[in-house]
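K.L.:
everything below, folded, please.
(4 chains)
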Protein chains: 2
Amino acid sequence: MRMTGETNAAAGPVGLRQLKKQRTYEAISDAAIALFLERGFEKVSVAEVAAAAEISKPTLFRYFPAKEDLVLHRFADHEDEAARVVADRPGGHSPLAALRARFLEGLTRHDPVTGLNDAPEVLAFHQLLYGTPSLVARLYAYQDRSERALADALDGGPLEARLAAAQILAVQRVLALENWRRVDAGERARDIHPDAAREANRAFDQLGSGLPRYA
Amino acid sequence: MRMTGETNAAAGPVGLRQLKKQRTYEAISDAAIALFLERGFEKVSVAEVAAAAEISKPTLFRYFPAKEDLVLHRFADHEDEAARVVADRPGGHSPLAALRARFLEGLTRHDPVTGLNDAPEVLAFHQLLYGTPSLVARLYAYQDRSERALADALDGGPLEARLAAAQILAVQRVLALENWRRVDAGERARDIHPDAAREANRAFDQLGSGLPRYA
DNA sequence: CACGCTTATGATTCTCAGTATCAAATGTTA
DNA sequence: TAACATTTGATACTGAGAATCATAAGCGTG
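P.N.:
Residues are numbered from 1 along each chain as shown, chains lettered A, B, ... in the order given. Okay, the predicted model is just below:
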């Protein structure tokens, strides 16, 4: 009754409707990002995006609450990642150890969220992102939700947890920004990696000595 | 030649033009905040603000780059405050000691930026601010500039300084937010003060143990 | 397969933020 | 007072996003 068993294992009822929704969602997102990369975020109107995706403007806004989310929805997936890493950490591991491992792993995987990725498309995407003030502004909203989620996942008093979450995410943000800065300056991700890993370890050591409860 | 010596000691040429500019600036800001407090940020159009300030809409935008700045321009003054506190600290004091002293002082002064102020107008202003997503979003932009400025004022490598600045400002932000939360919940600023000071000291101790270079 | 039921879409219209243009007004300087 | 520079307002425009309502499409039941 509950399991249709038809296609993938992820979500609930996978009817035709849901399928089309997903397709439309990605069609809009793809059309939008292609246009934005080509001509810049502000030079493309949502009407053009809607036309390219072959839908109407109201429909576009039913899928994405704001123009900025056409770009940023990818970050929504990572919104509670830090919180999940802490919540799902194997027994015996501290929150900071789990987060550090995750970040270093992201570095070696050249995960775009670590900034350490010099694939032309990723670079172009980051330039689009950091080069558009309204996108950066909205990105902070995502980070705020991350912070709240991480604070919830950390034990200790609410204030203590929130202070820790804020510092941890601030550090991760700066580390990723630095990696992106170097990639943007022309260095190759592979070459940066050792520095990036060293700096990340240093920063997490620092966090640990400031936040012994979570180390 | 440089000093007109006519009125105040701050800026350069104080002609009639500059004077009127300042008057207009404050007339717009006052009209805007009064209307926003009365009816909410989103329920008031910039056209109404312009009408209340007896200027045209284009003129309004010559004074304020965006509607949000009608509320947030007050924070622009504090934008490089942390950086200044560090740069101007008396010899022998560490950056963190100077910032801690400044924050504690703000607490006893019930400085609105510490969140510890229960004057009805201040409370209403904070409710307006934190209750309006677009204002919060734009507030982060100010904090980003604060972070950059503070990083510049701190010694050490650029990355090290930026990491420290990010953590310091994250902590101050959370401390202020917590104070505001309690004030908003109905507690009196005077009653909160001891807790606020204790938590601030605890947090700065923590920062110091994580960032010994700046302690 | 046909029937209602629910949900997604599109066409249209509207509000409002922010920009551009240009002429009129006002402060400044010689 | 005359020439100059700057500020302002009237007007019109672009683009984001919400609202309305009718149509279409997927979905469950006979």
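
K.L.:
alpha carbons only for contacts and neighbour counts from here, please
P.N.:
Fine.

K.L.:
contacts only, for A:Glu68.
P.N.:
By CA atoms under 8 Å, 6 or more residues apart in numbering or on different chains, the residues touching A:Glu68 are A:Ser134, A:Leu135, A:Arg138.

K.L.:
check the gap between it and A:Thr132 for me.
P.N.:
10 Å (CA to CA, to the nearest Å).

K.L.:
thinking again about what came up before, now for the contacts of A:Glu68, which sits with the most neighbours around it?
P.N.:
Most neighbours among the contacts of A:Glu68, by other CA atoms under 10 Å in any protein chain shown: A:Arg138, with 21 neighbours.

K.L.:
which SSE is the spatially most central residue of chain A in?
P.N.:
In chain A, the residue lying closest to the centroid (CA atoms, centre = their mean) is A:Phe75, at 3.3 Å. Per DSSP states H and E, A:Phe75 falls inside helix A:69-76.

K.L.:
got the buried residues for that helix?
P.N.:
A:Asp69, A:Leu70, A:Val71, A:Leu72 (16 or more other CA atoms under 10 Å in any protein chain shown).

K.L.:
now for whichever strand or helix holds A:Leu37, which elements pack on it?
P.N.:
Assigned by DSSP H and E, A:Leu37 belongs to helix A:16-39. For helix A:16-39, the elements it packs on are helix A:46-53, helix A:69-76, helix A:120-130, judged by 3 or more CA pairs under 8 Å, 6 or more residues apart in numbering or on different chains; DSSP states H and E.

K.L.:
between these, which gets nearest to DNA strand D?
P.N.:
helix A:46-53 (4.0 Å; CA to the nearest atom of the strand).

K.L.:
could you point out which element follows the closest one?
P.N.:
Following helix A:46-53 in sequence, per DSSP H and E, is helix A:57-63.

K.L.:
would you mind pulling up the elements that that following helix packs against?
P.N.:
helix A:46-53.

K.L.:
roughly how far out does the helix it packs on sit from the chain middle?
P.N.:
Relative to its chain's centre, helix A:46-53 lies at 25 Å (CA atoms, centre = their mean, to the nearest Å).

K.L.:
now swap in stretch A:195-211 and tell me
P.N.:
Taking mean C-alpha positions (CA atoms, centre = their mean), stretch A:195-211 and its chain are 21 Å apart.

K.L.:
buried residues of it, list them for me.
P.N.:
A:196-197, A:199-201, A:203-211.

K.L.:
need the helices and strands packed on helix A:16-39 in CSV (columns: mean pLDDT and distance to DNA strand D).
P.N.:
Below are those laid out as CSV (pLDDT from 0 to 100; distance: least, CA to the nearest atom of the strand, whole Å):
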stretch, mean pLDDT, distance to DNA strand D
helix A:46-53, 97, 4
helix A:69-76, 93, 8
helix A:120-130, 96, 15
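
K.L.:
other SSEs contacting the helix or strand encompassing A:Leu99?
P.N.:
Using DSSP H and E, A:Leu99 falls within helix A:95-108. Helix A:95-108 sits against helix A:81-87, helix A:189-210, with contacts defined as 3+ CA pairs under 8 Å, 6+ apart.

K.L.:
give me the below-cutoff pLDDT ranges for chain A.
P.N.:
A:1-14 (pLDDT under 70).

K.L.:
contacting residues around stretch A:178-198?
P.N.:
In contact with stretch A:178-198 (CA under 8 Å, 6+ apart) are residues A:104, A:107-108, A:110, A:114-118, A:123, A:126-127, A:175, B:159.

K.L.:
kindly report the same for stretch A:75-92.
P.N.:
A:95, A:98-99, A:102, A:142-143, A:145-146, A:149-154.

K.L.:
can you measure across that stretch, start residue to end residue?
P.N.:
From start residue to end residue, stretch A:75-92 stretches across 29 Å - CA to CA.

K.L.:
which parts of it are buried?
P.N.:
A:Glu79, A:Asp80, A:Glu81, A:Ala82, A:Ala83, A:Val85, A:Val86.
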